[in-house]
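J.: show me the folded form of this:
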Amino acid sequence: MSGEEHRDLVICGICLWSASLLRGSKGFTKCPMCGKETIEVIPVNDHETYTLRMKEKGIEVEFDVERR
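T.: All right, here's what the predicted structure looks like:
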């Protein structure tokens, strides 16, 4: 289908660095900020959005479906 985004949310479990990564792109084995091998990959469905909020003890991620 045309217009599909095919992306993942990538987060470091140590320093909380994060990025959107297009699926099929070269991924990460280590965090580019702290160098640790603590990368978590969260698949994001097509037409799904997410919001990251920094909290005192971590990150809060909220997912929502885009309304058309």
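
J.: list the contacts for the most centrally placed residue in the chain?
T.: Per Cα atoms, centre = their mean, the C-alpha nearest to the average position across the chain is that of residue 9, at 1.4 Å. Neighbour list for residue 9: 18, 19, 20, 21, 41, 42, 44, 50, 61 [criterion: Cβ atoms under 8 Å, 6 or more residues apart in numbering]. All C-beta atoms are positioned from the backbone trio N, CA, C, and that covers glycine.

J.: got any ranges where the protein has weak pLDDT?
T.: Applying pLDDT under 70 to the chain picks out residues 1-5, 66-68.

J.: which parts of it are strands?
T.: Shown for the chain, the strands assigned by DSSP state E span residues 7-12, 18-22, 39-44, 48-55, 58-65.

J.: residue 28: which of the ones you listed is closest?
T.: When these are compared by Cβ to Cβ, strand 39-44 sits nearest residue 28, at 4.9 Å.

J.: which neighbours does that closest one have in its sheet, and in what orientation?
T.: With DSSP bridges as the test, strand 39-44 is paired with strand 7-12 (antiparallel).

J.: the partner strand to strand 58-65, inter-axis angle?
T.: Counting by axes from the mean of the first three to the mean of the last three Cα atoms, to 10 degrees, strand 7-12 lies at 170 degrees to strand 58-65.
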